[in-house]
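>>> Provided below for reference: sequence and predicted model.
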Amino acid sequence: MARLDLDPADALHLATLLYNACLPVRREPSDARPEALAVLPDLRPGRGFLDTQGTARYLGTAASTIRSWTARGGPKHHPFPHPTLRHQRRNYWCLPVIEQWRTEEKELDRIARETRRRGRPTQ
């Protein structure tokens, strides 16, 4: 983990980069100019970013579990993604990042169940 001390302009630039990284890729005509993000992304729940509480509700787990995974790099078999953005001492994740992690986690669970099922002797 690294600490970055940024002035407001640099913080805004970093927030813009992180926000744009979460957006789906669009094909635009070559003459179209993308508009710059002028303010921090809307971090209220339901706006594309999830805080710790929202992430916990989305995954069906406790907020303390999310905080523990973030601090300790858990779960060991499939580490939880680092926060996309940290603002005013709070962690935020882009919804697509959490959806991808949940999809991968479900697939790993399915594979583990199948492996256990195959390992049992038939009667």
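Nice, I can see it. Numbering: from 1, shown residues only.

>>> Find the helix or strand that R117 is a member of.
R117 belongs to helix 95-119 when assigned by DSSP states H and E.

>>> to the chain's geometric centre, what's the distance from that helix?
Offset of helix 95-119 from its chain centre (CA atoms, centre = their mean, to the nearest Å): 17 Å.

>>> what's it packed up against?
Using 3 or more CB pairs under 8 Å, 6 or more residues apart in numbering; DSSP states H and E, the elements in contact with helix 95-119 are helix 8-22, strand 49-51, helix 52-59. Backbone N, C-alpha and C define where each C-beta goes, glycine included.

>>> for these, which one ends up most surrounded?
Ranked by average neighbour count under the criterion mean count of other CB atoms under 10 Å, the helices and strands packed on helix 95-119 are headed by strand 49-51 at a mean of 24.

>>> tell me the average confidence for that strand?
Mean pLDDT, strand 49-51: 85.

>>> How far off centre is that strand?
Centre-to-centre, strand 49-51 and its host chain are 8 Å apart (CA atoms, centre = their mean).

>>> what lines up beside that strand in the sheet?
Strand 49-51 has the following sheet partners, assigned by DSSP bridges: strand 90-94 (antiparallel).

>>> Same question for the strand it pairs with: list its buried residues.
For strand 90-94, a neighbour-count test (16 or more other CB atoms under 10 Å) marks 91-94 as buried.

>>> Going by neighbour count, which residues of the helix holding R117 are buried?
95, 97-98, 101.
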